[in-house]
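*Asks:* My questions concern the predicted model and sequence given below.
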Amino acid sequence: MSSTHFDIAIAGAGAAGLQLALALRSDPFFAEKSILILEKDSKEANDRTWCFWEKGEGRWDDLLRHSWAFGDFFSKTKSIKLDLQPYRYKMLQAIDFYAFAKRELAAAPNFIWRNDEVLSVENGSPVRIAGQSGSYSADYVFDSRIPEGFFQKNDKYTRLLQHFKGWYVLTPDDRFDPARFTMMDYRLRWQDTTSFTYVLPLSRREALVEFTLFSPELLADGEYDTMLRRYFDEILKISEFEIVEEEQGVIPMSDFPFEKYSEGRHIRIGTAGGWVKPSSGYSFKNCERNARRIVENLKAGRPANEGVLSPRFRFYDSLFLDVLYRRNDLGPDLFETMYFKNDIQKILAFLDDDTSIGEDLRIITGFPQLPFLRSLVNRFTR
Ligand SMILES: Cc1cc2nc3c(=O)[nH]c(=O)nc-3n(C[C@H](O)[C@H](O)[C@H](O)COP(=O)(O)OP(=O)(O)OC[C@H]3O[C@@H](n4cnc5c(N)ncnc54)[C@H](O)[C@@H]3O)c2cc1C
């Protein structure tokens with residue numbers, strides 16, 4: 001085979017591509033396989049912060065910036081204290097993850113990293129990749145590029161955006177409790193939307209505070225800043241602070257059938273593969289879980305993405321998204337119901353697609369039924 005042919009190629013070295021690469025790297029089955037990573041960016045910026053939860057110790061513990069076993073949820077009028085144990089809510093900065101992955105992969109002679117932009121991928125045997133600076137082929141291609149169809153929007157699928165802006169702040173005196181984080185605070189909202197703030201204290205004088213919306217449209221840039229400033233004034237009552245870093249992002253929340261854009265041995269991964277939980281926007285742990293599944297599938301000779309998405313949880317997510325899309329004003333009440341009627345451990349397991357049908361029903365029947373019935377009808381008639 002030529003030097004541009006590989007056993008496996010990964011297009012995009014983000015959360016999904018790198019987790020897949022690391023999973024392949026740590027399994028001796030792939031030690032002799034040639035693996036190409038194509039990434040257009042240098043991956044040297046701290047372009048996001050990942051939060052996720054897991055029970056006890058985990059794969060990324062040495063890289064974490066902080067973690068919490070306790071937190072708070074604030075609805076419009078009440079609050080609840082959360083004891084997450086045995087879970088911990090963990091925070092990882094992307095730059096630490098990228099640096100770790102680069103070090104690990106550089107030490108593996110069967111991995112090749114090319115800075116190139118993938119222009120197209122053509123399924124076949126082998127799968128062919130056209131890059132900006134070269135052409136490649138591979139037996140399998142795992143592709144993080146979001147399919148064009150997602151952006152066309154003239155279809156029946158629901159598209160919400162999780163959009164947010166956050167400030168890393170330092171205060172001159174002790175204002176935070178680093179042992180507790182705020183999961184969601186609905187006391188301050190942007191108009192009648194599903195919008196909230198979360199607070200991740202890193203020390204008594206340092207925190208990441210983010211204002212977040214689950215809604216169809218982005219705000220003007222200054223409006224996120226206005227809401228953050230109001231949160232400091234009206235809720236935290238902190239007037240003196242320095243903003244040391246900002247974070248801003250948009251995550252698609254959708255029931256778009258990303259999986260249909262995987263074909264043969266050209267498989268979409270990450271956001272492009274539908275790995276972002278549509279109703280929550282979380283995906284870092286899904287990337288870890290799905291990377292492991294793909295590795296096991298490849299070893300067993302099964303279709304690479306078999307069992308990666310759960311139709312049952314996709315169905316729930318799709319209903320929840322539809323309710324939020326039609327009645328964005330209801331979001332704060334729905335989350336209040338979820339947090340006040342269920343143990344946090346059950347909620348986290350549910351959001352992890354890790355509950356039984358009986359447990360799901362207990363959570364789902366706690367919600368007001370009418371908006372969900374309307375969405376159910378809509379789903380089958382759309
Ligand atoms: C600011 C922000 C914060 C987030 N916070 C959380 C969180 O707290 N918890 C959580 O679970 N999820 C979070 N998410 C959602 C999700 O986990 C991330 O978006 C995650 O990075 C998705 O992984 P991915 O591999 O699909 O995409 P990315 O991590 O974006 O990786 C895609 C990679 O592909 C590369 N690429 C794209 N096109 C090409 C091309 N044509 N050729 C070559 N390379 C290409 C990009 O440069 C990038 O490196 C967050 C997202 C954002 C944007």
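*Replies:* Looks like it arrived, so ask away.

*Asks:* mind checking how far residue 81 is from the ligand?
*Replies:* In this structure, residue 81 and the ligand are 22 Å apart, going by CB to the nearest ligand atom, to the nearest Å. For every residue, glycine as well, the C-beta is placed using N, CA and C.

*Asks:* tell me which element that residue is part of?
*Replies:* Counting by DSSP states H and E, the element that carries residue 81 is strand 79-83.

*Asks:* Residue numbers of the stretch 51-200 of the chain in contact with the ligand?
*Replies:* Counting by CB under 6 Å from any ligand atom, the stretch 51-200 of the chain comes close to the ligand at 51-52, 117-118, 144-145.

*Asks:* Tell me how many other residues crowd the residue in the chain positioned nearest to the ligand.
*Replies:* Shortest the chain-to-the ligand distance, computed as CB to the nearest ligand atom: residue-wise this is residue 14, at 1.7 Å. By other CB atoms under 10 Å, 21 other residues sit near residue 14.

*Asks:* buried ones in the strand holding residue 81?
*Replies:* residue 82 (16 or more other CB atoms under 10 Å).

*Asks:* For that strand, output the C-alpha coordinates as PDB.
*Replies:* Included here for strand 79-83 are C-alpha records, laid out as PDB according to Å, rounded to 0.1, in the frame of the first residue of the first chain:
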ATOM      1  CA  SER A  79     -33.600  26.100  45.500                       C
ATOM      2  CA  ILE A  80     -32.400  22.600  46.200                       C
ATOM      3  CA  LYS A  81     -29.100  21.400  47.500                       C
ATOM      4  CA  LEU A  82     -27.600  18.600  45.500                       C
ATOM      5  CA  ASP A  83     -25.400  15.900  46.900                       C
END
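
*Asks:* how about the helices in the stretch 1-150 of the chain?
*Replies:* 15-25, 94-106, 149-152 (DSSP state H, counting those that start in this stretch).

*Asks:* Tabulate these (CSV), appending mean pLDDT and mean neighbour count.
*Replies:* Listed next are those as CSV, based on pLDDT from 0 to 100; neighbours: other CB atoms under 10 Å:
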stretch, mean pLDDT, mean neighbour count
helix 15-25, 98, 25
helix 94-106, 98, 17
helix 149-152, 91, 13
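
*Asks:* Need those in JSON lines (columns: distance to residue 355).
*Replies:* Formatted as JSON lines, the entries for those read as follows, by distance: least, CB to CB, whole Å:
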{"stretch": "helix 15-25", "distance to residue 355": "24"}
{"stretch": "helix 94-106", "distance to residue 355": "28"}
{"stretch": "helix 149-152", "distance to residue 355": "28"}
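
*Asks:* so which of the ones you listed comes closest to residue 282?
*Replies:* Comparing the helices of the stretch 1-150 of the chain by their distance to residue 282 (CB to CB), the top pick is helix 15-25, with 10.9 Å.

*Asks:* elements contacting the strand holding residue 81?
*Replies:* With contacts defined as 3 or more CB pairs under 8 Å, 6 or more residues apart in numbering; DSSP states H and E, the secondary structure elements packing on strand 79-83 are strand 70-74, helix 331-341.

*Asks:* Of the ones you listed, which is nearest residue 10?
*Replies:* Using CB to CB, these put strand 70-74 closest to residue 10, at 34.7 Å.

*Asks:* who touches the closest one?
*Replies:* Contacts made with strand 70-74 from outside it, assessed by CB atoms under 8 Å, 6 or more residues apart in numbering, are listed as 79-84, 89, 179-187, 335, 339.

*Asks:* PyMOL command for the buried members of those residues?
*Replies:* The following PyMOL line selects those of the contacts of strand 70-74 that are buried, judged by 16+ other CB under 10 Å:
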select buried, resi 82+84+89+180+181+182+183+184+185+186+335+339
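
*Asks:* need the residues of the stretch 201-350 of the chain near the ligand, please.
*Replies:* Taking CB under 6 Å from any ligand atom, the part of the stretch 201-350 of the chain that reaches the ligand is made up of 247, 249, 251, 270-272, 276, 281-284.

*Asks:* Take the residues you listed and keep only those in helices.
*Replies:* By the criterion of DSSP state H, membership of these in helices covers residue 284.

*Asks:* Please pick the buried ones from the residues of the stretch 201-350 of the chain next to the ligand.
*Replies:* Buried residues within these, counting neighbours by 16+ other CB under 10 Å: 247, 249, 251, 270-272, 276, 281-284.

*Asks:* Now do residue 1, the pLDDT please.
*Replies:* According to the per-residue confidence, residue 1 scores 46 in pLDDT.

*Asks:* nearest to residue 122, of the helices and strands packed on strand 79-83?
*Replies:* Of all these, it is helix 331-341 that lies closest to residue 122, at 41.5 Å by CB to CB.

*Asks:* Check which element follows the closest one along the chain.
*Replies:* Helices and strands here follow DSSP H and E; after helix 331-341, the next one along the chain is helix 344-351.

*Asks:* Rounded mean pLDDT for that next one, please.
*Replies:* Helix 344-351 comes out at a mean pLDDT of 95.

*Asks:* That one: what's the following helix or strand?
*Replies:* Per DSSP H and E, the first helix or strand lying C-terminal to helix 344-351 is helix 357-364.

*Asks:* Domain-wise, how is the chain divided?
*Replies:* According to automatic domain parsing, the chain is divided into the following domains: 5-48+92-153+255-309, 159-253, 312-381.

*Asks:* Of those domains, which shows the lowest average pLDDT?
*Replies:* The stretch with the lowest average pLDDT out of the domains of the chain is domain 312-381, scoring a mean of 91.

*Asks:* Ends of it, what's the gap?
*Replies:* Terminal residues of domain 312-381 are spaced 19 Å apart (CA to CA, to the nearest Å).

*Asks:* Equivalent analysis for stretch 54-66, please.
*Replies:* The first and last residues of stretch 54-66 sit 13 Å apart, counting by CA to CA.
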